[in-house]
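In: Generate coordinates for the sequence data below:
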Amino acid sequence: MVWQFIDVFKKVYSSNKVQDDDFADRMNHRYTVAILILFCILVGSSQFVGSPIACWAPAHFTGSMTTYTNYICWIANTYYVPTDESLPTPTEDRQFKINYYQWIPFILALMAFLFYSPFAIWHLLAKPSGLDAKSVMKIISSMDASSSDSRDKTMKNAVKLIDRAIDYHRDYYDQSCLGQLRRKITRCLLPRNKSGCYISALYMLVKLFYLANVCGQFFLLNAFMGPRFNIYGFEVIRDLWQGKDFWESPRFPRVTMCDFTIRTLGENNQRNTIQCALPINLFNEKIFIFIWFWLCVVAIFTAYSFVIWLLSFTSSSRLSFVKRYLKVQERLGYLSNSTLNESKVLDAFLYEYLRHDGVFLLRIVKKNTNDIVVGELVSSLWDNFKKYPRFAIRNDDVIQKENEKLNGLYQPNGDGSHLIPNGYHS
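Out: Here you go, the predicted model:
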């Protein structure tokens, strides 16, 4: 069993060395899934290998009858009666029915599947677009810091991938079913279909799925584990504060009662009420206490991450992000004496060249590498941007001088100005 746990952890932590999301996402699809799978294996092994229930059979029961009693009480559910209360009569309702413990491994497996689903959706819809963050991160992760030639080559490949993908999505529309689905998602979240925001909009939608899932898990557990499970953690804190023993917990009782009827010849059916011990609940209780508090932590991190990412898509945030790295890399201030409006060039770089998806990819790289790599990537994209004549915005009398300085990067229009073509406006 221990080796099974180790194998699961090794698969989870080594299968995705290339990371294309943030820590809150990994808390959902990686760490939570690993925890739930381990708990599923632990509980499943105890149920199907050990003895999850042991009933106190009458003295006249034979060994086979005792075995049957254990089985029937396991599959027919039990109910909890506090020790200071009398047992209900055969016609009275059983208040605290325990009908979930057989299904706990499957509940945990379902929870793991739901936590992994947004991650699968993210890669399913992002990869065909050609602008998925994982492809960029794969190239950057192969960078050899000890070799400057290899580093430069890797950076050029990353810039080439981003540049081609951004340009590809500027005018081209995929007519396949998946392409139409991508456009519908973009239209729903950001209305302008040419705004270059498909990947960023998809990522925010997946973020919303993560948040809805972790909050919905409390309601799912309410349905399986009984009402008011969403406040279970507060009940535990209250019981600890009051010094109550978990032994008497109605949610995970160690001792329960079981009713079953044995049919005999004639009309003499024998109804039996047996007391049973559920040692498996000793583990179940600790597991679900941990799960409840863990879900709260994941929900907080996911909500915080969603808000931070939402704010990062504002124009001021994107401009500040890109401008900071350009200043560090000494790419701003190269223009002579206000002859070229630097802010307009920067706006063209941000809103017409990078757009939402380009800045989003840079932020993903920043979260999974460091500022040095991001700075080099931004400066390389800036240098690449200057090679496009369509992005220049100069007057004709100044363009000639800057052409000589910048090796012919800016070409004037016939009317004495140089504007971005209408086809490249978002």
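In: Scan the helices and strands of this protein for the one with the lowest mean pLDDT.
Out: The helix or strand of the chain with the lowest confidence, counting by mean pLDDT, DSSP states H and E, is helix 396-405 at a mean of 44.
In: Against residue 234, how distant is residue 314?
Out: 37 Å (CB to CB, to the nearest Å). Any C-beta I mention is one placed from the backbone N, CA and C, and that applies to glycine too.
In: any low-confidence regions in this protein?
Out: 1-17, 88-95, 130, 143-148, 168-195, 245-249, 266-267, 331-341, 388-426 (pLDDT under 70).
In: one more time with 50
Out: The model of the chain has pLDDT under 50 over residues 1-2, 15, 172-173, 190-194, 336-339, 393-426.
In: Show me it divided up by domain.
Out: Domain assignment of the chain by automatic domain parsing yields the ranges 2-83+97-152+211-306, 314-426.
In: Please produce JSON lines containing those domains, extended by mean neighbour count and distance to residue 198.
Out: Formatted as JSON lines, these follow (neighbours: other CB atoms under 10 Å; distance: least, CB to CB, whole Å):
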{"stretch": "domain 2-83+97-152+211-306", "mean neighbour count": "16", "distance to residue 198": "6"}
{"stretch": "domain 314-426", "mean neighbour count": "16", "distance to residue 198": "6"}
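In: could I get the ones you listed as TSV with distance to residue 197?
Out: Below are those laid out as TSV (distance: least, CB to CB, whole Å):
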stretch	distance to residue 197
domain 2-83+97-152+211-306	11
domain 314-426	4
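In: which one of the ones you listed lies closest to residue 202?
Out: Of all those, domain 2-83+97-152+211-306 sits nearest to residue 202, with 5.7 Å by CB to CB.
In: ok now the closest one, how far from the chain's centre?
Out: Chain-centre distance of domain 2-83+97-152+211-306: 18 Å, with CA atoms, centre = their mean, to the nearest Å.
In: Could you do stretch 358-376 as well?
Out: 20 Å.
In: in terms of contact, does residue 70 touch residue 61 like I think?
Out: No - at 10.7 Å, residue 70 does not count as touching residue 61 under the criterion of CB atoms under 8 Å.
In: Surely residue 299 is in contact with residue 213?
Out: No - counting by CB under 8 Å, residue 299 does not reach residue 213; the two are 9.7 Å apart.
In: Secondary structure class of the nearest residue to residue 73 once chain neighbours are set aside, three-state.
Out: Closest residue in space to residue 73, ignoring its immediate chain neighbours: residue 258 at 3.7 Å, by CB to CB, 6 or more residues apart in numbering. Three-state call for residue 258 (DSSP: H, G, I helix; E, B strand; the rest coil): strand.
In: Can you check which helix is longest in this structure?
Out: Using DSSP state H, we find that the single longest helix of the chain is helix 280-312.
In: Output the contacting helices and strands for that helix.
Out: Under the contact criterion of 3 or more CB pairs under 8 Å, 6 or more residues apart in numbering; DSSP states H and E, helix 280-312 touches helix 23-26, helix 33-48, helix 198-225, helix 232-242, helix 315-328.
In: and of those, who's closest to residue 99?
Out: Closest among the helices and strands packed on helix 280-312, using CB to CB: helix 198-225, at 9.2 Å.
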